[in-house]
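Here is my input; please provide its structure:
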Amino acid sequence: MKRIAALLIISVSFLSACTSTEWVQSTVDKQYKYIVTLEQQQKKGVTAQQKYEHPYEIDLADLEKLMGGLTYIGKDGLMNKKKQSPVFQAVEIDRLAPVLADTLAKANASQRIRFLSFNQGKALVFSAPRKTAGVVFVESDGRLNIAFNFINSERKPSETTAFYPSYSMVNPLKIRTSDTLISSATSSVELHEFETGKRAPMWVVADLEKLTESISTTTVPIIKATDEVPSAVAPKTETPDTTVAETPSTTVIKTVPVQVPEDLLKEDIKNKLRYLKELLDEGLISKTDYNTKKIELLDKIN
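As a prediction, the model looks like this:
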């Protein structure tokens, strides 16, 4: 009887494994502050065919523009007051965007990109270790999707680096309700709309063609934390935020150079200084390297 029971248990386990669906991941780049992987869905051990427009060559400036324009509404402070904040810090974009762009160019039609990014969030007294995670893929119509599992969630004490990631088991494409709501300063970005007509709270879709056009004719927006709660992502009918310089009758369009506002530059330097100090405190760089880089950053401030 014991042998029969053991065989039954093994058979049930085998059948469960054969009928299970899972995401199989392969690491692309793993660093102290982030990890990027390629993942594909498998059913009964066979890769599920997707219809992603991969590999996809995306301009790095487009991706940086998209990531820099994303904001979210979340609860903040002891009173849980709603507040608008950037999804990604400038230092996160600097290190993460090039890897995501390179990975999109390597992925196949059945693979999507998963990322996990660590940052040192801001607080009134102590800085709070936080993390942001989600998936990235390009649809067959050429639109870029970023769906988040969580945005700037507080890290566990054990999560000191991204070398040992703790991914959410929830598929971000299935999230329909959340206390966190994404918005964007870029008019070519909108929230994903489900078949029911309801919009996803943490899934954005970008029209890459319009995004590229807007980059050549607009300045970089200033994204700051604010207590004002704006509406969600701009509706589809909103006029694109573009500025075309006057041109002669030859119809040649002059592009306005992208200018980085002074406030945004100073904020970026502050973030880099904080990150530099973290590297020093953790023994990852020498005191000499720290002082040299610190002087370089401070010299950029007028």
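
Flag every buried residue along the longest helix belonging to the chain.
The longest helix of the chain (DSSP state H) is helix 262-281. The neighbour-count check on helix 262-281 (16 or more other C-beta atoms under 10 Å) flags 264, 267-273, 275-276, 279-280 as buried. Bear in mind the C-beta positions are built from the backbone N, C-alpha and C, glycine included.

For Thr250, report the pLDDT, please.
pLDDT recorded at Thr250 is 39.

circling back to that earlier point, name the nearest of the buried residues of helix 262-281 relative to Gln41.
Tyr275 (34.8 Å; C-beta to C-beta).

give the contact list for that closest one.
33, 91, 120 (C-beta atoms under 8 Å, 6 or more residues apart in numbering).

one more time with 7 Å, if that's ok
Each residue near Tyr275 by C-beta atoms under 7 Å, 6 or more residues apart in numbering is listed here: Val91.

repeat for Val99
Contacts of Val99 (C-beta under 7 Å, 6+ apart): 29, 36.

packing partners for the helix or strand following the longest helix of the chain?
On the C-terminal side of helix 262-281, the nearest following helix or strand under DSSP states H and E is helix 287-298. Helices and strands touching helix 287-298, by 3 or more C-beta pairs under 7 Å, 6 or more residues apart in numbering; DSSP states H and E, are helix 262-281.

Let me know the average pLDDT across the helix it packs on.
So the average pLDDT for helix 262-281 ends up being 74.

again with stretch 199-209
94.

what's the spacing between the nearest residue to Arg112 once chain neighbours are set aside and Gln41?
Nearest residue to Arg112 in three dimensions, chain neighbours excluded: Phe137, at 4.0 Å (C-beta to C-beta, 6 or more residues apart in numbering). With distances taken as C-beta to C-beta, to the nearest Å, Phe137 is found 12 Å from Gln41.

Okay, buried residues for stretch 286-294 please.
In stretch 286-294, counting by 16+ other C-beta under 10 Å, buried: 290, 293.

Contacts for that stretch next, please.
For stretch 286-294, contacts defined as C-beta under 7 Å, 6+ apart pick out 273, 276, 280.

got a list of what the second one touches?
Same thing as Leu276. Counting by C-beta under 7 Å, 6+ apart, Leu276 touches 290, 293-294.

ok, 8 Å please
Going by C-beta under 8 Å, 6+ apart, Leu276 touches 285, 290, 293-294, 297.

do the last one as well
The neighbourhood of Leu280, defined by C-beta under 8 Å, 6+ apart, consists of 287, 290.

so how far is the longest helix of the chain from its chain's centroid?
Put simply, helix 262-281 sits 20 Å off its chain's centre (C-alpha atoms, centre = their mean, to the nearest Å).

quick one on the thing from earlier: would you mind reformatting the buried residues of helix 262-281 (as JSON lines) and adding columns for distance to Val87 while you're at it?
JSON lines is the format used below for the buried residues of helix 262-281 (distance: C-beta to C-beta, whole Å):
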{"residue": "Leu264", "distance to Val87": "15"}
{"residue": "Glu267", "distance to Val87": "15"}
{"residue": "Asp268", "distance to Val87": "15"}
{"residue": "Ile269", "distance to Val87": "20"}
{"residue": "Lys270", "distance to Val87": "18"}
{"residue": "Asn271", "distance to Val87": "14"}
{"residue": "Lys272", "distance to Val87": "18"}
{"residue": "Leu273", "distance to Val87": "21"}
{"residue": "Tyr275", "distance to Val87": "17"}
{"residue": "Leu276", "distance to Val87": "23"}
{"residue": "Leu279", "distance to Val87": "23"}
{"residue": "Leu280", "distance to Val87": "27"}
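
Give me the next element, helix or strand, following the helix or strand harbouring Glu64.
Here Glu64 sits within helix 60-69, counting by DSSP H and E. Once the chain leaves helix 60-69, the next helix or strand it forms, by DSSP H and E, is strand 70-76.

buried set for that next one?
Neighbour-count burial for strand 70-76, counted by 16+ other C-beta under 10 Å, picks out 70-74, 76.

Equivalent analysis for stretch 136-150, please.
The neighbour-count check on stretch 136-150 (16+ other C-beta under 10 Å) flags 136-138, 143-150 as buried.

ok, those residues vs Ser110, which is closest?
Using C-beta to C-beta as the measure, the one of these that approaches Ser110 most closely is Phe137, at 10.4 Å.

Need the contact partners of stretch 136-150.
In contact with stretch 136-150 (C-beta under 8 Å, 6+ apart) are residues 51-54, 56, 58, 63, 66, 70, 87, 100, 104, 107, 112-115, 131-135, 167-168, 170, 172-173, 175, 180, 182, 192, 200, 202-209.
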